[in-house]
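K.L.:
What follows is a predicted protein model with its sequence.
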Amino acid sequence: MPEALSRVHAIGEFFELEAGQDLIDSSRYNEDIAPTKVKERTWNRWNVASLWVGMAICVPTYTLGGVLTAYFGLSVTEALWTIFIANIVVLIPLTLNAFPGTRYGIPCPVVLRASFGIVGSNVPALIRAIVACGWFGVQTLFGGIAIHLMFSAMFDGWAALGGTGEVLGFFIFWIGNVVVVIRGAESIKHLETLAAPLLLIVAIGLIVWAWPKVSIREVLATPATRPEGAALSAYFMAALTAMVGFWATLSLNIPDFSRFADSQRSQIVGQIIGLPVTMFLFSGLGVLLTSASFGLVGETISDPINLIGKIDNSGWVVLSMLMIVLATISTNTAANVVSPTNSFQNIAPKYINETKGVLLTGFIGIALMSWELAKKLGWLESDVSVESLYSNWLLGYSSLLGPIAGIMVVDYFLIRKQHYELADLYVSGRTYPDWHLPGLVSFFVPVGLTLIAIFTGALSWFYNYGWFTGSILGGLIYWLMCRGK
């Protein structure tokens, strides 16, 4: 029989919650979003680094160089430097927002309760969840294509299915991905640890295959596509903002993973090891192979799945597709399923547990990709492509998340001084109100300015530098409204 009131114990650098009847009866508490026990915090620096290797080696990362050269007017060399610098920049909010997760063992939506209120935390959490569900659908589509190509190399009859085979692959991938997450954090840790070295082997294999037909010097000398004489600064800043936006989502929900780290040092060192170098090298590989693809297979192909599918060796195709399926599951699981699962639980913890949150995420992902699945089945004609969704809506929408990152950092380090009343984060009306006005105002003011810029063309600079302007303004407003309280 649990005690009436919950207790919080300091254990080294950690805090651990012993839930009493007051939390067990609370409508804002369940065991899945409860703080992790100290014995559950087992992720060392290499587990954290493997998490980032598993997330960063994916199809969208591969195509980033092409996006920057085609849409942002940068040269190949400028694009690669932009990717590297962006990931150094995004390390700052990633490591800072990971701190409360590691110290208190709490997921992102519970962290947000301190700055937005117990109920108000659902606003930023659900906005983050929608982005993740969109990415979940996109990555599942890529995984389904890989499964289709793998089966096509194994069975002639499957190849004849065409788009129907890709749709079947989508649902096969979907089931595998959902099963991994439902099995829990240890399953995710083991998957990422297994995937990281295998994914590096695939990348090295692609380099060996392409090396005889690619000139690195020529690729790096590819000129910029922006108008001749145009200043680099504006194009660079727009591209940098987009690339920071690529991981802006994870800079919010990194507590979902850091709550399992065995120390603050592990989460910091692991992220430094795993993110910038992996992103730079795999994006660089994408640039090189896209440039070499015409000489390799007779046409320019900008994604690794279809490029590998052109290899005239069914054994290598099957093996490579297995690796890509593993890569995409590891990315999708960590980046796009865990966060919305916790966010949906945060709405009604007594009615939505982890399993229901995972399934809800999966079904929304299917709904968001339904138009593309219908196109593949021949049921629908549409000019909207996954590529345009990826390069426009999702990246642009991510820029709206900047204010949340700024508010989280200011709240934890400047306002709360790295201290939470841990048990009170799970009960309305104690230390934290249901709705915290400073957090909501600090979020909606920059978002309003961003929307004005999008729909009117005024304040275009605010949108062009959206993640930076939003995070700085959101954090500043929050600090001004909360100081002295």
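P.N.:
Okay, I see it. Numbering: from 1, shown residues only.

K.L.:
Spit out the contact partners of the residue positioned nearest the centre of the chain.
P.N.:
Centroid-nearest residue in the chain, with Cα atoms, centre = their mean: residue 335, separated by 3.7 Å. Going by Cβ atoms under 8 Å, 6 or more residues apart in numbering, residue 335 touches 55, 132, 135, 139, 249-250. (Glycine included, C-beta is placed from N, CA and C.)

K.L.:
okay, and for the protein, where does confidence drop off?
P.N.:
Scanning the chain with the threshold set as pLDDT under 70 gives 1-3, 184-193, 195-196, 199, 291, 295, 300, 313, 382-399, 484-485.

K.L.:
which parts of stretch 91-99 are buried?
P.N.:
Neighbour-count burial for stretch 91-99 flags 91, 93-99 (criterion: 16 or more other Cβ atoms under 10 Å).

K.L.:
do the same with stretch 445-454
P.N.:
By 16+ other Cβ under 10 Å, the buried positions in stretch 445-454 come out as 446-447, 449-450, 453-454.

K.L.:
Pull the most distant pair out of the residues you listed.
P.N.:
Using Cβ to Cβ, the buried residues of stretch 445-454 span at most 12.7 Å, a distance reached by 446 and 454.

K.L.:
re the thing from before, closest one to residue 401 out of the buried residues of stretch 91-99, please.
P.N.:
Taking Cβ to Cβ as the measure, residue 93 is the one of the buried residues of stretch 91-99 closest to residue 401, at 10.2 Å.

K.L.:
With the flanking residues excluded, which residue is spatially nearest to the closest one?
P.N.:
residue 251 (4.0 Å; Cβ to Cβ, 6 or more residues apart in numbering).

K.L.:
ok, how many other residues are close to that neighbour?
P.N.:
Counted with other Cβ atoms under 10 Å, residues neighbouring residue 251 total 27.

K.L.:
And residue 366, by the same measure?
P.N.:
Neighbourhood size, residue 366 [other Cβ under 10 Å]: 17.

K.L.:
and it, helix, strand or coil?
P.N.:
Three-state assignment for residue 366 (DSSP: H, G, I helix; E, B strand; the rest coil): helix.

K.L.:
and it, what does it touch?
P.N.:
Residues near residue 366 by Cβ under 8 Å, 6+ apart: 137, 174, 373.

K.L.:
who touches the last one in this structure?
P.N.:
Right, the one you point to is residue 373. Going by Cβ under 8 Å, 6+ apart, residue 373 touches 167, 170, 366.

K.L.:
And residue 5, how far from residue 26?
P.N.:
According to Cβ to Cβ, to the nearest Å, residue 5 and residue 26 sit 12 Å apart.

K.L.:
hmm, back to that, let's have the buried residues of stretch 91-99 in CSV, adding distance to residue 122.
P.N.:
As requested, these are exported to CSV (distance: Cβ to Cβ, whole Å):
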residue, distance to residue 122
91, 28
93, 21
94, 23
95, 26
96, 23
97, 18
98, 22
99, 23
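
K.L.:
Can you lay out the contacts of residue 335 as JSON lines showing distance to residue 420, secondary structure and neighbour count?
P.N.:
Shown next, in JSON lines, are those (distance: Cβ to Cβ, whole Å; DSSP: H, G, I helix; E, B strand; the rest coil; neighbours: other Cβ atoms under 10 Å):
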{"residue": "55", "distance to residue 420": "27", "secondary structure": "helix", "neighbour count": "27"}
{"residue": "132", "distance to residue 420": "24", "secondary structure": "helix", "neighbour count": "25"}
{"residue": "135", "distance to residue 420": "29", "secondary structure": "helix", "neighbour count": "26"}
{"residue": "139", "distance to residue 420": "33", "secondary structure": "helix", "neighbour count": "27"}
{"residue": "249", "distance to residue 420": "23", "secondary structure": "helix", "neighbour count": "24"}
{"residue": "250", "distance to residue 420": "22", "secondary structure": "helix", "neighbour count": "27"}
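
K.L.:
Looking at these, point me to the pair that's furthest apart.
P.N.:
139 and 250 (13.8 Å).

K.L.:
Give me the neighbour count for residue 283.
P.N.:
27.

K.L.:
Might one say that it is in contact with residue 62?
P.N.:
Yes: using Cβ atoms under 8 Å, residue 283 is in contact with residue 62, at 7.1 Å.
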